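>>> With the input below, show me the fold.
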Amino acid sequence: MLEATIPKYQNRSIDAAEVISSLIDLAKSMKQARDRGAMLGLNEYEEAFYDALIAAGGTALGILGDSSLREIAKQLVVSVRKNVSIDWTVKETVRAKLRLYVKRILKERGYPPSGQEAATQTVLQQAELLCAGWT
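This is a model prediction of the structure:
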């Protein structure tokens with residue numbers, strides 16, 4: 001939201017009041033995300049993986065239930081955090097190892113087979129975005 005607002009302001013297509021309104025909306029969205037994570041009992045990383053699991057396997061929530069997906073998300077954070085290295089996003093051997101760990105967790109926890117590949121890819125994409133500071 002912020003990245004979309006700043007260029008509009010710089011191009012003078014919106015004024016300062018509209019920028020402030022956008023910032024207020026952004027703050028409300030961030031607070032809702034924090035509140036949702038707290039309600040689910042998940043930290044921000046776990047919530048990101050939880051959302052990735054739901055998005056990738058549309059039926060996963062209905063099949064496994066909320067508590068199982070939360071536990072999978074927590075386990076994924078532990079595994080990813082333990083296995084990322086400085087250059088993991090460019091080294092295919094490290095990516096392959098991490099992909100294997102993610103697939104194993106999904107399979108062991110009963111994640112729907114039809115959605116496992118998509119979930120693995122989505123989790124790895126989330127990991128790339130979230131885990132830069134973990135090395």
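>>> Tell me which helix or strand residue 67 sits in.
Assigned by DSSP states H and E, residue 67 falls within helix 66-83.
>>> Contacts only, for the residue nearest to the spatial centre of the chain.
Most central in the chain under Cα atoms, centre = their mean is residue 48, positioned 2.7 Å from the mean C-alpha point. Residue 48 sits next to 126, 129, 130 when contact means Cβ atoms under 8 Å, 6 or more residues apart in numbering. Quick note: C-beta positions are derived from backbone N, CA and C, even for glycine.
>>> And for the second one, nearest residue in space, chain neighbours not counted?
Using Cβ to Cβ, 6 or more residues apart in numbering and skipping residues adjacent in sequence, the residue nearest residue 129 is residue 48, 7.8 Å away.
>>> Name the spans of this protein whose pLDDT lies under the cut-off.
Along the chain, the model assigns pLDDT under 70 to residues 57, 89, 133-135.
>>> Now do the helices in it.
Assigned by DSSP state H, the helices in the chain fall at 2-10, 16-40, 44-56, 60-64, 66-83, 92-108, 113-130.
>>> tell me which residues in the helix holding residue 67 are buried?
68-77, 79-80, 83 (16 or more other Cβ atoms under 10 Å).
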